[in-house]
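1. only geometry, no sequence info:
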């Protein structure tokens with residue numbers, strides 16, 4: 001029997017706590033109200049507004065949003081329905097509603113994601129012609145279990161080849177430094193299997209998402225340099241509400257790969273993690289990115305249920 005409910009736009013602050021509860025039923029990492037507000041509640045381009053499904057008790061039973069994907073030429077879709085209220089038509093109504101919005105904006109491609117252990121979510125997407133495009137591996141490393149002594153001499157050995165390491169906290173954060181960070185990221189992202197359809201953001205957009213983010217920590221951005229040339233980067237995001245850090249990106253310029261620079265960068269980020277007094281670090285990597293997965297395994301990351309990335313052409 002279908003549940004009686006109606007749809008309306010997200011009505012600001014009053015809805016956020018309940019939406020965060022829904023998000024935390026599916027995401028690998030729990031969100032806080034503050035991080036949700038920062039990531040999801042900025043006014044999306046084109047006037048696309050999140051939609052909620054309200055049941056007869058007045059409670060939000062489901063949530064849907066569609067907006068421009070930050071670094072891809074498509075739109076990002078997310079639909080979450082309260083696990084106790086699924087299979088009652090809520091997800092279908094939400095999907096049809098945002099699909100109408102997408103079509104009105106001449107959207108040609110929609111991307112989304114679903115946890116690999118959420119069978120019903122994957123079936124819902126595939127029934128609507130979404131195809132799996134990649135698989136992201138989710139991994140977590142608890143600080144208390146990490147034994148750095150197993151890697152004694154690793155950073156020093158790389159340094160002896162002429163590579164020097166420093167963090168953004170060690171230097172002045174000038175526009176020129178931000179530009180070097182941006183250019184290295186863009187140059188290396190081209191080779192990342194997880195960013196096959198990626199397009200470079202504007203410099204201004206990149207600065208807003210990275211350096212102006214509440215999760216930014218200058219001491220959590222470790223740089224590898226050969227003289228004045230930046231050749232590697234490992235970047236952490238800090239989440240105090242879970243006492244955790246997210247290894248958002250680790251990269252090495254293609255001409256410098258195979259020299260253990262990525263391992264050294266990862267080891268140095270672990271020192272930043274310990275200095276921040278957090279409990280664990282987590283990361284997401286494309287399951288075909290074997291070199292970085294091997295490094296994570298060496299460090300002691302434990303694999304958790306991953307994420308299927310999905311795509312649908314209209």
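-> Okay, I see it. Every value quoted in this text rests on a predicted model; they were computed, and no experiment measured them.

2. From now on I want contacts and neighbour counts done on CA atoms only, so please keep to that.
-> OK.

3. for the record, mean pLDDT for the host helix or strand of residue 102?
-> For residue 102, the enclosing helix or strand under DSSP states H and E is helix 90-104. For helix 90-104, mean pLDDT is 91.

4. Report the buried residues of the helix or strand where residue 139 lies.
-> Using DSSP H and E, residue 139 sits within strand 131-142. Within strand 131-142, the residues that count as buried by 16 or more other Cα atoms under 10 Å are 131-132, 134-141.

5. ditto for stretch 284-299
-> Those buried within stretch 284-299 under the rule 16+ other Cα under 10 Å are 284-287, 292-293, 295-296, 299.

6. Narrow the residues you listed to those in helices?
-> Per DSSP state H, helices hold the following members of the buried residues of stretch 284-299: 292-293, 295-296, 299.

7. tell me the contacts of the residue nearest to residue 253 when sequence neighbours are not counted?
-> Distances taken as Cα to Cα, 6 or more residues apart in numbering put residue 231 closest to residue 253, at 5.1 Å, once the chain neighbours are dropped. Going by Cα atoms under 8 Å, 6 or more residues apart in numbering, residue 231 touches 184, 223-225, 252-253, 256.

8. one step back: off-centre distance for the strand holding residue 139?
-> 10 Å (Cα atoms, centre = their mean, to the nearest Å).

9. Report the strands that pair with it, each with its relative direction.
-> The pairing partners recorded for strand 131-142 under DSSP bridges are strand 280-286 (antiparallel), strand 302-313 (antiparallel).

10. returning to what we had before: ok, which pair from the buried residues of strand 131-142 is furthest apart?
-> The largest separation in these, counting by Cα to Cα, is between 131 and 141 at 30.6 Å.

11. Show me what the helix or strand containing residue 245 packs onto, helices and strands only.
-> Per DSSP H and E, residue 245 falls inside strand 244-252. Packing partners of strand 244-252 (3 or more Cα pairs under 8 Å, 6 or more residues apart in numbering; DSSP states H and E): helix 175-189, strand 229-239, helix 261-275, strand 280-286.

12. need the contact list for residue 36.
-> By Cα under 8 Å, 6+ apart, the residues touching residue 36 are 16, 20.

13. Would you verify that it is located in a strand?
-> No. Applying DSSP: H, G, I helix; E, B strand; the rest coil, one finds residue 36 to be helix, outside a strand.

14. per-residue pLDDT, it?
-> With respect to pLDDT, residue 36 scores 82.

15. Ramachandran coordinates for the residue nearest to residue 167 when sequence neighbours are not counted?
-> Excluding the flanking residues, the one nearest residue 167 by Cα to Cα, 6+ apart is residue 222, at 4.4 Å. Dihedral pair for residue 222: phi -100, psi 130, per degrees, to the nearest 10.

16. Could you list the low-pLDDT ranges of the chain?
-> The model of the chain has pLDDT under 70 over residues 1-3, 39-49, 70-73, 193-198.

17. let's go with 50 and repeat that
-> 43-47 (pLDDT under 50).

18. domain parsing for it?
-> 5-107, 139-304 (automatic domain parsing).

19. a markdown table for these, including distance to residue 117?
-> Output for the domains of the chain, formatted as a markdown table (distance: least, Cα to Cα, whole Å):
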| stretch | distance to residue 117 |
| --- | --- |
| domain 5-107 | 10 |
| domain 139-304 | 10 |
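
20. Relative to residue 119, which of the ones you listed is closest?
-> Residue 119 sits nearest to domain 5-107 of all those, at 11.9 Å, using Cα to Cα.

21. Can you give the distance of the closest one from its chain's centre?
-> 17 Å.

22. Same check on stretch 251-269?
-> That offset, for stretch 251-269, works out to 21 Å (Cα atoms, centre = their mean).

23. Check what contacts that stretch and list those residues.
-> The contact list for stretch 251-269, computed with Cα under 8 Å, 6+ apart, reads 148, 154-155, 158, 184-185, 187-189, 220-224, 231-236, 250, 292, 295.

24. And these, which of them are buried?
-> Among the contacts of stretch 251-269, those classed as buried by 16+ other Cα under 10 Å are 155, 158, 184-185, 188-189, 220-224, 231-236, 250, 292, 295.
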